[in-house]
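K.L.:
My questions are about this predicted structure, shown below with the sequence.
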Number of protein chains: 2
Amino acid sequence: MTQQLPSQTPEEQYLRELIAHGLLIPMGVDGVYGRSAVFEDVLDRFGALVGQWGAENGAEVIRFPPVMNRHHFEHSGYMKNFPQLAGTIHSFCGGEKEHQALRRKMENGEDWTADQKAIDIVVTPAACYSLYPTVAQRGPLSREGALFDVYSWCLRHEPSLDPARMQLFRMREYVRLGTPEQVSEFRAAWIERGQRIIESLQVPARLDVANDPFFGRQGKLLANNQRDQNLKFELLIPITSEEKPTACLSFNYAQDYFGQLWNIPTADGAPCHSACVAFGMERIALAFFKHHGFDPKRWPAGVRKVLWG
Amino acid sequence: MTQQLPSQTPEEQYLRELIAHGLLIPMGVDGVYGRSAVFEDVLDRFGALVGQWGAENGAEVIRFPPVMNRHHFEHSGYMKNFPQLAGTIHSFCGGEKEHQALRRKMENGEDWTADQKAIDIVVTPAACYSLYPTVAQRGPLSREGALFDVYSWCLRHEPSLDPARMQLFRMREYVRLGTPEQVSEFRAAWIERGQRIIESLQVPARLDVANDPFFGRQGKLLANNQRDQNLKFELLIPITSEEKPTACLSFNYAQDYFGQLWNIPTADGAPCHSACVAFGMERIALAFFKHHGFDPKRWPAGVRKVLWG
C-alpha cells in the first residue's frame, strides 16, 4: 500500500500512508473514510483544547445534527454561491405499487434515485448555518451580544484523493454576534489566538486571505469582494504541499449579512454583525500526523503535553 | 411552553418540556433538534460507560461519518425493507446555464430539488452498515472472529412529535462476527449485560421481541419471521408511555445474512454469522431525563456515581 507509483501525487501518497497506518479506513468513495480510535483521539483532544476558551468565556454550547432545515438552507443563499458542494436529502415517498417499481429498477440495475423526493432536511454545509435561525427566534441580542460554540459534521460534495479535502468532515466553530466593535474584537483576538494554538503544537502555519470556490462567473466577483474587503482570513498549514498549504482554521467576518438575512437585531435594534472562527478538525489532525508522524505516542513531548496534559 | 393544551399527547408534552428546559433546540422540522451541553454530557457519559467493555475486550473502534457508500447501501437490501426511512443525498451537477435556471426556480418559489442528482453516498441508516463491506475487504476472519465498536449518526425519515422518535440520532453498536457459537454467546451475554447497565442507572426496563416496521405486505412476513425466530430482542424503557415503552437497546442476531451478502468467511470458510447490540443514545438520555428529572446535578447519587464516577 505504501509503494509510490510514478503517477502518484503527494496527496494520493499521503492518503495511502494514512490508510496503511490504519488511521483512515476506505469506504469506496473518494473523500469518505472511517476513522480509527487513534485518529479520533487526536481530534477529540484538539477539540478539548479549543473548548477551554469557550468554557472560560461563557460560550453557549449547541450541537446540531449533521443536517439542517431545508427551508433555512434555501433562505441562506448557499445554493447561489456553492451549489456544487451542497447535498439535499431525498426519500421514497410512494406506496406498495411504487415500491414494486423501485425494487424492479434496483434488480435490473436501472437508476432508481430519480424517483426519490426531497425531504425537509439537507446535509449541513457549515456548522454555524443552523445557528442563525435559532438565535433569531430568541429576539434581540443583549448588550453583550452572544457567543456560541458549535460543532457538526458537514458535507462538501467535492470528491478528491486529497485526504485534506474530505466530503464529510467535522467543523468546530465559535460564533460571535453583536455590534461591529464586539465582533471585530472577537475576530482580531482569535486571529492571534488561533496562531498561538497552532504554534504551541509545533506545526508551521501562515495567515492569508481566503479564496472560496464561489460558483460560476458571478462567483468570481464575490470571491474578489471577499478578498478585497478582508472578510475572511485562513490559517494555512502545509500538509501535502509547501506551495499549496491547506486552510485549517478560518476567521470570517460576515458583517451584517446574517443579521439582516435572519433579522437578528442588537440591543439597539440594528441588524447584528457576526464573525466566526472555524476549525477544520480532520485537516488539523492530518497536519499533526504529517508533521509529527503517524503514532501520537511518539510525537514531541511538548505537543503531547498540550494535547494530553 | 410547558402549558399542557387539551389536545396534547404525552409525547408532545415531553417534547415541550425538553425544549423549555433547553435540552433540545427546535430546528423547524419535526424530529430534528439541536442538543444542549447538558444533553450531550449525559450522552457522552453513557457512551463512556458502555465503551469500557469494548476497551477491556479488544473491540476495534471505527467511527464512520454520517453517510455510507450508495452502492454498499443498495447491496444491503435496506430499500427492500425500509424504503420509507432511508435518505439518499443529491447534488447540483450542472453548469452556468443550469445554475441560472436553478436560481430562477428558487426565486419564484418553485420546486428546484427534482433537478438534483443522486451522488455516491446516502445518509447512514444504521451504525454497522458500513462495517460489513469494510470487514469483507480484509479477507477471512481469524479463529477468534472479530469484534467492533461503531458509533454513528443515523437517519430514519419518520417525522414525529415524539422526542424518542428523532429523524437524526446516534447509534452506538458492538458488532460480533464469527461462528454461530461465538456470535450467540456474545448476544446472550449482552442481553444480560445490557439489562444490568440500565438497572444500575435506576430506570425500569423489560425485554421483548422486536417489531420492526418492515414496509408493505411482504414486510409483514419478514416481521413475523423476525419475531418467530427470536432474531431481535429489544430492551424497552417507558419514556412517555407505560403501555408503549420505547426500544432503547436492541440485540440482533443476523444469522449468516451479512456473512453471505458481503462474503465474509470464518477461518473455516463458511459464511460468518453476526450479531450486534445497539444503543439508541438519544432515547437512553431521554429515558434518564424522564425518570430522574431535567437537571442531572439532582439525579440520584447512585446514578451520578455510575455515569460521572
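P.N.:
Great, that's in hand.

K.L.:
going forward, measure contacts and count neighbours with C-alpha atoms only.
P.N.:
Fine.

K.L.:
Identify the bridge partners of residue A:121.
P.N.:
residue A:69 (DSSP bridges).

K.L.:
Isn't it up against residue A:91?
P.N.:
No. The pair residue A:121 / residue A:91 is not scored as a contact, 10.6 Å apart, by Cα atoms under 8 Å.

K.L.:
Specify which residue of these two has the higher count of neighbours.
P.N.:
For residue A:121 and residue A:91, the more surrounded residue by other Cα atoms under 10 Å in any protein chain shown is residue A:121, and the numbers stand at 24 against 19.

K.L.:
which residues does that one contact?
P.N.:
By Cα atoms under 8 Å, 6 or more residues apart in numbering or on different chains, the contact set of residue A:121 is A:67-70, A:88-89, B:29.

K.L.:
so which of the residues you listed comes closest to residue A:184?
P.N.:
residue A:68 (27.5 Å; Cα to Cα).

K.L.:
Near chain B, which residues of the stretch 101-250 of chain A are found?
P.N.:
Taking Cα under 8 Å from any Cα of the partner chain, the part of the stretch 101-250 of chain A that reaches chain B is made up of A:103, A:106, A:113-114, A:116-118, A:120-121, A:123, A:130, A:134, A:153, A:157, A:168-169, A:216-217.

K.L.:
In strands, which of those residues fall?
P.N.:
If you go by DSSP state E, these have A:117-118, A:120-121, A:123, A:153, A:168-169 in strands.

K.L.:
can you give me the helices for chain A?
P.N.:
Secondary structure of chain A by DSSP state H: the helices cover A:10-20, A:37-56, A:70-76, A:78-81, A:96-107, A:131-136, A:180-200, A:216-228, A:257-261, A:281-292, A:301-308.

K.L.:
Would you convert the ones you listed into JSON lines that also reports mean neighbour count?
P.N.:
Output for those, formatted as JSON lines (neighbours: other Cα atoms under 10 Å in any protein chain shown):
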{"stretch": "helix A:10-20", "mean neighbour count": "19"}
{"stretch": "helix A:37-56", "mean neighbour count": "16"}
{"stretch": "helix A:70-76", "mean neighbour count": "17"}
{"stretch": "helix A:78-81", "mean neighbour count": "18"}
{"stretch": "helix A:96-107", "mean neighbour count": "15"}
{"stretch": "helix A:131-136", "mean neighbour count": "19"}
{"stretch": "helix A:180-200", "mean neighbour count": "16"}
{"stretch": "helix A:216-228", "mean neighbour count": "14"}
{"stretch": "helix A:257-261", "mean neighbour count": "18"}
{"stretch": "helix A:281-292", "mean neighbour count": "21"}
{"stretch": "helix A:301-308", "mean neighbour count": "14"}
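
K.L.:
ranking these by mean pLDDT, which is last?
P.N.:
Lowest mean pLDDT of these: helix A:216-228, a mean of 84.

K.L.:
For that one, C-alpha coordinates in PDB please.
P.N.:
Output of helix A:216-228 as PDB, limited to C-alpha atoms (Å, rounded to 0.1, in the frame of the first residue of the first chain):
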ATOM      1  CA  GLY A 216     -19.600  30.500 -11.900                       C
ATOM      2  CA  ARG A 217     -18.800  33.800 -13.500                       C
ATOM      3  CA  GLN A 218     -20.800  35.800 -10.900                       C
ATOM      4  CA  GLY A 219     -18.900  33.900  -8.200                       C
ATOM      5  CA  LYS A 220     -15.600  35.500  -9.300                       C
ATOM      6  CA  LEU A 221     -17.000  38.900  -8.300                       C
ATOM      7  CA  LEU A 222     -18.000  37.600  -4.900                       C
ATOM      8  CA  ALA A 223     -14.600  36.000  -4.400                       C
ATOM      9  CA  ASN A 224     -12.900  39.300  -5.400                       C
ATOM     10  CA  ASN A 225     -15.100  41.200  -3.000                       C
ATOM     11  CA  GLN A 226     -14.300  38.700  -0.200                       C
ATOM     12  CA  ARG A 227     -10.600  39.200  -0.800                       C
ATOM     13  CA  ASP A 228     -10.700  43.000  -1.300                       C
END
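
K.L.:
what about residue A:31, distance to residue B:34?
P.N.:
Distance from residue A:31 to residue B:34, counting by Cα to Cα, to the nearest Å: 26 Å.

K.L.:
Quick one: distance of stretch A:168-188 to the chain centre.
P.N.:
Mean C-alpha position of stretch A:168-188 versus that of the full chain (Cα atoms, centre = their mean, to the nearest Å) differs by 14 Å.

K.L.:
and it, how far apart are its ends?
P.N.:
Stretch A:168-188 has an end-to-end distance of 29 Å (Cα to Cα).

K.L.:
likewise stretch A:251-265?
P.N.:
With Cα to Cα as the measure, stretch A:251-265 spans 22 Å from end to end.

K.L.:
Which residues does that stretch contact?
P.N.:
A:75-76, A:132-133, A:135-136, A:139-141, A:180, A:183-184, A:187, A:190-191, A:231-234, A:271-278.

K.L.:
now the residue nearest the centre of chain A, nearest residue through space, not along the chain?
P.N.:
For chain A, the residue nearest the mean C-alpha position is residue A:171 (3.7 Å; Cα atoms, centre = their mean). With sequence-adjacent residues excluded and distances taken as Cα to Cα, 6 or more residues apart in numbering or on different chains, residue A:171 is closest to residue A:280, at 5.1 Å.

K.L.:
thought the one you found was touching residue A:166?
P.N.:
No. Between residue A:280 and residue A:166 there is no contact under Cα under 8 Å: 10.4 Å.

K.L.:
who has more neighbours, these two?
P.N.:
The neighbour count for residue A:280 versus residue A:166, taken as other Cα under 10 Å, is higher for residue A:166 (22 against 18).
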